[in-house]
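1. A structural model of the following input is requested.
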Amino acid sequence: MMLEQEDLDRAFNKELFIIRNDIYYQQLEFKNKAAKSILRVDISYKPQQALSGDSYSLRKTKDGRIVGFIVDAMGKGISAALTSMGATRFLNYIFDELEENRSFDFQLWTQKFVRFMTQNLMDEEMLSIALMELNFHQSTTQYALCGMPAFLVATDDSEFTLIKSNNPPMMRYTTSLKISSAPTSNIRKILCYTDGLSESITREGIPYNMQMRQDFFDSACVGEFNDLVKKAIVKGDDDITYFYIHKSECGFDRKQFCIQSSYKAVEETLQEISTYLNNQQVNRKCASEIILAFSELLLNALEHGNFGISREAKNELIAKDLFDDTMIRLEARYKEKPIKITYRMMQRKRGKIFEATIADSGDGFDVQVLKNIVVNAANFNGRGFIIVRKLVDRFYFNVKGNAITIQKLLIFDSKL
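-> The predicted model follows:
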């Protein structure tokens, strides 16, 4: 009996629900040797069918370590999906249990997983999986790669290395996993992926693995790498999943200023950004999208951040025709609360990128709710974030949830 499309859609939503990502739309800040750095982890998850043999999760421990895995189950269809989802659910359950009862222990996590999988793999079944723990605070990483392609690593010195698989694919008779470690102090970026990426055929009729390393090395951010992948691969014949982990230093080549919590200050800021983009000869449509995103984010920072008005309260005030009077009173009370704004233009291989950060003085919000943008966008009540997501290429919140960084590839009316 064929599954109806509605059933397949529900199954795919269930897969997305089981996947856990503690850093959806986030960037993490850390210090290493007194230098402040930003860590961004972007995920591309493109299953060929609703029932996928690929899966993943990214978790964050209480002490700031990033724990992640990518699963690539043998075969296709329902059987592979059952294996990958079972592995994903168990690994996330054990992670939560270890975090709740004690500090997370990578070795214990892998040991429990081996015991579980040996009881749930069939005699001839194999499972490729990469398990890793990244600790950028202490400049160390631990990993157990089982029959997975070698991870690509670029260093601060523009050198290129590989993290090779240190275990065969998992089978029913696997008794333990070898865990290896490596320093992360000199790592600039890492690409972790399933073989669906490396074995996809390019427009030239060769495996993408033949040019993937160069594309990764040439890309300065995940946006550039995504563009290169799309350009190279016509259509993959397997599930494609990859993490693009990128560390960058906090730059000083940006304009920074603070504004008061007032609608007048918001309007003046929008005019300044508009003038800046116009002076740089940015295409009118592109500039308008940036200004619209800026407007949405500045009003969020003002009303929800510094004024402390929830979306539900705002809707109620509007319904009762009390919104304008309330905002006047709140502006007089909280006018001195600052909103910090930084922006710059960065030259990248694919062109110039506009990057800006808006930070309010509020309490922030639980950024985990952003998972609903991915899992169930129809029921996500953050209308403003949906708008911003469509207007810019990427956005990242800080952990507290009171600052957002946006990036957008610029289009120009004339070549600069």
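2. for the record, mean pLDDT for the helix ranked longest in the chain?
-> When the chain is parsed with DSSP state H, its longest helix is helix 77-101. Averaged across helix 77-101, pLDDT comes to 92.
3. and stretch 269-277, by the same measure?
-> Averaged across stretch 269-277, the pLDDT comes to 95.
4. doesn't residue 87 make contact with residue 71?
-> Yes: counting by CB atoms under 8 Å, residue 71 touches residue 87, with 5.1 Å between them. Every C-beta, even on glycine, is put in place using the N, C-alpha and C of the backbone.
5. residues shared between the contacts of the two?
-> Residues within reach of residue 71 and of residue 87 at once, by CB atoms under 8 Å, 6 or more residues apart in numbering, are 55, 127, 129.
6. can you pull out the helices in the stretch 301-416 of the chain?
-> 311-319, 323-334, 371-375, 383-391 (DSSP state H, counting those that start in this stretch).
7. so where's the chain shaky on pLDDT?
-> 1-3, 32-35, 236, 250-252, 372-383, 414-416 (pLDDT under 70).
8. what do you get if the cut-off is 80, keeping everything else the same?
-> Flagging of the chain using pLDDT under 80 yields the residue ranges 1-13, 30-36, 48-51, 75-77, 102, 234-238, 249-253, 349-350, 368-385, 414-416.
9. any idea which of the shared contacts of residue 71 and residue 87 has the most stuff around it?
-> Among the shared contacts of residue 71 and residue 87, residue 55 has the most neighbours (other CB atoms under 10 Å), with 30 neighbours.
10. how far away is that one from residue 17?
-> 12 Å (CB to CB, to the nearest Å).
11. swap in residue 367?
-> Distance from residue 367 to residue 17, by CB to CB: 18 Å.
12. which residues touch the nearest residue to residue 81 once chain neighbours are set aside?
-> In this structure, residue 81 finds its nearest non-sequential neighbour in residue 51, 3.8 Å apart by CB to CB, 6 or more residues apart in numbering. When contacts are counted by CB under 8 Å, 6+ apart, residue 51 touches 8, 11-12, 15, 77-78, 80-81.
13. return the closest of those residues with respect to residue 273.
-> Set against residue 273, the nearest of the contacts of residue 51 by CB to CB is residue 12 (38.7 Å).
14. for the top strand by length along the chain, buried residues please.
-> Using DSSP state E, we find that the single longest strand of the chain is strand 35-46. Neighbour-count burial for strand 35-46 flags 38-43, 45 (criterion: 16 or more other CB atoms under 10 Å).
15. helices or strands up against that strand?
-> Under the contact definition 3 or more CB pairs under 8 Å, 6 or more residues apart in numbering; DSSP states H and E, strand 35-46 sits against strand 27-32, strand 54-60, strand 66-73, helix 222-232, strand 240-249.
16. how far away from the center of its chain is the longest one?
-> Translated: helix 222-232. On the basis of CA atoms, centre = their mean, to the nearest Å, helix 222-232 sits 16 Å off its chain's mean C-alpha point.
17. which other helices and strands does that helix contact?
-> Where contact means 3+ CB pairs under 8 Å, 6+ apart, helix 222-232 is packed against strand 35-46, helix 209-218, strand 240-249.
18. dump the C-alpha coordinates for that helix into PDB.
-> Output in PDB follows, covering the C-alpha atoms of helix 222-232 (Å, rounded to 0.1, in the frame of the first residue of the first chain):
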ATOM      1  CA  VAL A 222      28.500  28.900   4.600                       C
ATOM      2  CA  GLY A 223      26.600  31.100   2.100                       C
ATOM      3  CA  GLU A 224      29.500  30.900  -0.400                       C
ATOM      4  CA  PHE A 225      29.900  27.200   0.100                       C
ATOM      5  CA  ASN A 226      26.200  26.600  -0.500                       C
ATOM      6  CA  ASP A 227      26.400  28.600  -3.700                       C
ATOM      7  CA  LEU A 228      29.300  26.500  -4.900                       C
ATOM      8  CA  VAL A 229      27.500  23.300  -4.100                       C
ATOM      9  CA  LYS A 230      24.400  24.400  -5.900                       C
ATOM     10  CA  LYS A 231      26.500  25.500  -8.900                       C
ATOM     11  CA  ALA A 232      28.400  22.200  -9.100                       C
END
